[in-house]
Structures are given as structure tokens and as C-alpha cells.
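[1] Fold the following and give me the result.
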Amino acid sequence: GYIGCRMRMLVLLALGALVAPGLAYYVPGTYPNEYSVGEQLNAHVNSLTSFETELPFEYYTMPFCKPVDGVQRIANSANPGTILQGLRIESSPYTFSMKVEERTKVVCQPKGSYGPLSAAEAKEMKTKIDEHYRINMLLDNLPVTVYDLLDTNQQFVRPGFELGFKKDGKYYINNHLVFNILVYETHGEFTAAKKRYESTLAAEALEARRRLSAAHSTDDEQQQQQQQLQNGEQGLGQTLGSGATSRKLLQAAGAPAPDADDDGPFYYMVVGFEVSPCSIKRQAGQPIEEVACGYENENRFGPQEIGEGVDIVYTYDVHWQPSQIKWASRWDAYLRMPGGKVHWFSIMNSLLVVLVMATIVAMILFRTVRRDLAKYEQLVVEGNSLDLKDEAGWKLVTGDVFRTPQKSRSLAVQVGSGVQIICTFVVTLGLATLGFLSPASRGALLTTTIVLFVCLAVLAGLASVYAWGVMERAYTGWPYVCAQVSIFYPGIVMSIFTVLNLIIYHTGTSGAVPLGMYASIVAVWFLISIPLTFAGGFMALSLPIPTNPVKTNQIPRHIPPPSAGAHPTLLFFAAGILPFGTIFIELYFAMTSLWLGYFYYLFGFVFMIGVLTVLVTVEMSVLCTYVQLRAEDYLWWWQSFYRGGAVAVYIAVYALGFLLSSLSTLAGAIPVLIYLSYMTILIVGVYLGLGTVGFAASYTFCKAIFASLKAD
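    Numbering: from 1, shown residues only. Next up, the predicted model:
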């Protein structure tokens, strides 16, 4: 039934995502739509959102008028991403006629008003106004905004508009909307291309029918069917061969067009959707008078107060404004972000840090290590054991450096999870940077992330089993490793997700995931992700276990107390400072976008900062591991993983600071719990991903320097 249908949908999405990048520019909402003068456009409504509660609600849970033909869910807008985000895009009674100015158009048809508010409706509306809920609408897939899209000095744009306002202890509803729609004139090129494509498909279908008929018919039947097909072609030609459309099709095909007197613009594209909301008190059943919105001295009726028994009249104006913004650039105004120079400064600063750290690491590898080796050889020849202890440093742990660490299976599981997270991050950001994840496709980023994470479970199994083999020198017990890695990080996410969903379910929010969707996610986890993990683990069995450059002694060496400069706690916190400094600026913009509702589409900057962060983490891991080995501490396996993920501690502290400063208006315990829950998932993911980077860098470093020791 319903659950089975949801399961099949999610499985198909998982498979379809493998080929989606090649078709990404043809997803619904990204192909240009051209409208002729007078052609009807329908606005859609999205969930109500608030940045004080983080709980979205469906639009029609509030006392708003519904379309005459009933509310319809926009089917092509639903995907796992939008469902998990609580976005519900539906039809609305707001209709527009292209280039037709309209005044005080009544929303509620045929009654003219919503009807008397009940006590519960009035109370709910007042609560939503106190919590600063915003109404979100869409026209031609563009979100509405109260900001001036043509103002180049505008630093950012926030979608939606306030539901109402409170003044002197009274609540008022924004029941009158003044829409300003930006349009760009065209000559119908896209419409002609679309019709030409449809005619090509129709011609190919006729040709296929002709060939099929010829293969299975007698001579008389072939003549009769050929005549029918010719009649069909003539009808098709008549359908596509009239007026301006035929001229445009001929021009698009390269043929000369007939002479025409009217060759002006026939079509318009929507390139901006602005609104100015206001509150105007009107009497239901009385003639609607035009009132200038936004001018208190012009509004002699006063604002529309909310209360039990009040009959609200919803109206709107429509204005059309010509614009030079082309369709391909219509999202630029929405995606505008402040501080463009700040992003480049952040990248240059991070690049400088990477170069400095690279220089230090190079000195360690090509100068210090070689010098230590030379001293070690000299001391061995001279036989001075006291000087050997003082000067040799990391060479004294030669027989213990590759000793199997404690809880090696747990470490292998975390390394496998980190590989899965890092690869998901890289591929998702790569697709977003190349433009395949358009902002017009709502939920695409989250959907792609989930699908990639599921599919890349094969790498988690492969990496965890391989790391297990490297540490244990054998693949014995690999199924247990696969079983643990398949439920480790996904289990953390699902546990938090389940508890959070149970807590917010009673609020009636659309952010509560439906049972069918929840069952689909669990089914994908158990039927796709876990089998892929075991498949990856099985593939790792064919990989040879690398030989360590030095042999391990049977008796472990005593580890002396560390000096102040080599203390594990100091190295842990030192290892996270520079990576956090690299991501600090972009982290602020990302957090602002995620929790304060601003658009964020600077994935190119994020990708570059991510690469630089990985490089800094590698360099810090190598440096700290060298300091640890110099202190004759060979327990670097777990320490390298901890130090690689140390930046997560700084992100956690920053997240708490962001909560207390920028999100101090969060209302109640549930919004705070939502924030902490999702930030916990993010922080654990960062810890596992960069911890794996630190582990891999330290392992490679140890193999390199001890291979040099063996060679010398």
C-alpha cells in the first residue's frame, strides 16, 4: 500500500541519482517557461516557516482561502529532501494574467471572504504571529520576497513575508498583498524549440508505426494503413503550421519565414517575484475599495485585527515590471551573499596557512628526519647508549610503532565511516559546484546527499575491512567489522532522527516525517546500504595487506611520561586550531543560511575551503605524530584519529556560541533540541571524516620515515 509505494519511490530515486547529473538541467522547474499576454499563471504556496521555532507548518493549517477546485499537491515538487525538510508545495487561489494589471482582486471565491474565525483559529493565528511565521509563495518556481530584487546594494534576500504583526497588544493580519512581478520579453524561442521537439517525437512515432505495420500486414492492409498515416501527418502539419508558430518553427529549422508585419515580442518570462504585504480592514459582503498599501494616511479603514468571529477579506494587487534580467540569471538576485571579498580573504588566508604548514612538514621529512637518521647511525657505531637515548627519539620505537592498537575493530569502523562521509561530501559538493544541483530544484541537495551516502556504503565496507587488515595483519572476522560499520554512523543519525520525530510529531508540524517515508528510509538502510557495506568488505579481501617496513617486537616497550610540549591533550587541541581557522568564515555564512533562512549557493567557495581544510589537517597530523614519536610514544593509531577530528570540538563550541548569540530568539525547548540534534549529526560527521584524514596521513607518514630508517 502506501508504505510499499514510498519504498519503491525511494529505491527508484536511489537508482536514478546515478544518472541524474547528466539530466540535471532538465528537472522540473529549470526549463524556461514563456507566457503570452493574458495567459494565466498560478501561484503555489509552500509551508509556513519560522526562524524562532524551526517547525514548518502546511499553509492550509491556517485560516486561508482555498482554490475553487480544491487544494492539490504539486507532484513534481515532492522528493525525500523536501519531505524531510517539511516543505509542502500546494496550489493556491492566487492567479495572474500575464501583463494584465489588477487591483483589489478578491482571493476567496465565491464567498468573498474566509468566514468568521473560530476561537481556536484566532488563537492559532496570534501564536504564529508571536513566533514570526512567514508565508512562502512560488510563481514559476521563483520564491516571493519583500526585498527589491533590482537593488544591487541589497546584500542578501530572505524568502517569504510576515504572516502579520502585533501593535499595542493587538494582532493584525496581512490580508492584502501587492505583487510586483518582473518579466523579461522574448520572441518565443523556447516555445518554438519545445514544439519542434514535440513534432519530431510525433514524426518518429508515425515512422515507427509505419515500419511496424509494414512488417506484419498484407499489401492491401499496408496501402490502407499508409493512407491513414498520411492523413495523420497532414493533421500534424496543420496543427503546427499556422500563424506565428509555424514561422518560428521554420526559422528554428533554418528555413526562410514568410513575411510578417508583426515581429515584436510575443512572450514573457518571469524573472522576479516581489510582494508588499499590508493589513486593510474590510467588511465582508461590502464593495471592495482600492486602498494604497503601505501608506497609513491613505488607509482610512485601518488594519485588519484578528479575533473570534472576525470575517477576513483577502485581496491582492498585481503589477508587472519589465526587466533586463535574463532567465538564466534570474536566481542571481536571490542568491546574493554579503561580503564577497571576505570569502576570497578567507581562501587566501587558508592558502597561506597551508603553504606555511607544508614548509614545516617538508623540513621535517627532508631535513629533520634525515638528520636524526644520521645521528642515529653515528651513535650506533660509537655505541654510546646514553647519548642514544637522549638523541635518537622516534627511532627507539622502531619495534613498536606498528603494534596492533587496542580496540582496533572500533577504530576500523570509524575509519570506514569517515571514508564514506568524506566521499559523500566531495561528490555532493562537486555536483553543486558544477551547477547540477540547481536551487530551483528544492530538496535536491539533501536528496543527493542521502542517495550518495547510501550508495557509497560500499566504500565504508571496503575501507573498514582494509583498515582492520592493516592493523590486525589478517582479515579474520571481517563480517563483524562490516556489520558494525553498517550500523555505526547511520545508527547514530537514525536514533537522533527517530527521537526528534517522536518529540515534534504532536505539534502538527509538516517537519514530522510521515510513517511511509520513515519506513522507506529504514528499508533503504537495511535492503541497500547494509548489503552494499558487506559487498565492499568482501571486495577488500582481494586486496593484499601491505607489509610493514619494520618488524614488531614481542614485548611492548615502556612509554616514558610525556613532556609538556608532547602531552596528548596539548597536541589534540593544537591540531584543531588551524583547520578551524580555515573554515571559520565560511562556517558563519553556512550557519546563517541554514538556521536564519538566507539563501546560500557559494558551493565553489565551500569546495575550495574543504580542500584546504583537508590539506591543513594532513599537515597538522603529520607534525603532531612526529612530535609524539619523538617523545617515544608509539600509540599513534588512535591519537592520530583524535587529532584529525579535533576541529569538531571547536565547531561544537562555535555552535553553542551561535545558539546563544544569533539564535537567542528560539522559542521553547523543542527548537533548541532541533538545533542541537542536527548540529550533533553534523559535528559527529566532521569528526569521523577529518579523523580518517588524520589517521591516513599519520599512517602514510610512519611508513615513509620508518622505511627510510630500514633503508639506511
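
[2] Which residue, neighbours along the chain excluded, lies closest to the spatially most central residue of the chain?
    The structure's the chain has its C-alpha centroid closest to Leu445; by CA atoms, centre = their mean the separation is 3.4 Å. Nearest residue to Leu445 in three dimensions, chain neighbours excluded: Leu437, at 5.1 Å (CB to CB, 6 or more residues apart in numbering). Backbone N, C-alpha and C define where each C-beta goes, glycine included.

[3] before we move on, which element is that neighbour in?
    Taking DSSP states H and E as the criterion, no element holds Leu437; it sits outside all helices and strands.

[4] and if you look at the one 4 residues further on?
    Using DSSP H and E, Ser441 sits within no helix or strand.

[5] and if you look at the one 4 residues further on?
    Secondary structure assigned from DSSP H and E places Leu445 in helix 444-455.

[6] and what of Leu177?
    Assigning secondary structure by DSSP H and E places Leu177 in strand 176-186.

[7] elements contacting the helix or strand just after that strand?
    Sequence-wise, the next helix or strand downstream of strand 176-186 (DSSP H and E) is helix 189-216. When contacts are defined as 3 or more CB pairs under 8 Å, 6 or more residues apart in numbering; DSSP states H and E, helix 189-216 packs onto helix 219-240, helix 243-253.

[8] Confidence-wise, which of these is weakest overall?
    Considering the helices and strands packed on helix 189-216 one by one, the lowest average pLDDT is found for helix 243-253, at a mean of 39.

[9] follow-up on the earlier one: please look at the residue nearest to the centre of the chain and Thr433 and confirm they touch.
    No: shown here, Leu445 and Thr433 do not form a contact pair, counting by CB atoms under 8 Å, at 11.8 Å.

[10] coming back round to it: list the helices and strands the strand holding Leu177 packs on?
    With contacts defined as 3+ CB pairs under 8 Å, 6+ apart, the secondary structure elements packing on strand 176-186 are strand 267-278, strand 315-322.

[11] Now do it against strand 267-278, angle only.
    Taking axes from the mean of the first three to the mean of the last three CA atoms, to 10 degrees, one finds that strand 176-186 is oriented at 160 degrees with respect to strand 267-278.

[12] Flag every buried residue along strand 176-186.
    Residues 176-184, 186 are the ones in strand 176-186 that count as buried (16 or more other CB atoms under 10 Å).

[13] Run the angle between that strand and strand 315-322 for me.
    For the pair strand 176-186 and strand 315-322, the angle between their directions (the same axes, to 10 degrees) equals 20 degrees.

[14] Just checking: what are the partner strands of strand 176-186?
    The strands beside strand 176-186 in its sheet (DSSP bridges) come out as strand 267-278 (antiparallel), strand 315-322 (parallel).

[15] how about the residue nearest to Lys326 when sequence neighbours are not counted, what does it touch?
    Leaving aside its sequence neighbours, Lys326 sits nearest to Tyr184 (CB to CB, 6+ apart; 6.0 Å). Applying CB atoms under 8 Å, 6 or more residues apart in numbering, we find Tyr184 in contact with 268-269, 271, 322-327, 330.

[16] how about 10 Å then?
    Listed by CB atoms under 10 Å, 6 or more residues apart in numbering, the contact partners of Tyr184 are 32, 34, 265, 267-272, 322-327, 329-330.

[17] just Gly112 next, same as before
    65, 106, 282, 284-286, 288, 311, 313-315.

[18] 7 Å instead, please
    Applying CB atoms under 7 Å, 6 or more residues apart in numbering, we find Gly112 in contact with 106, 284-285, 313.
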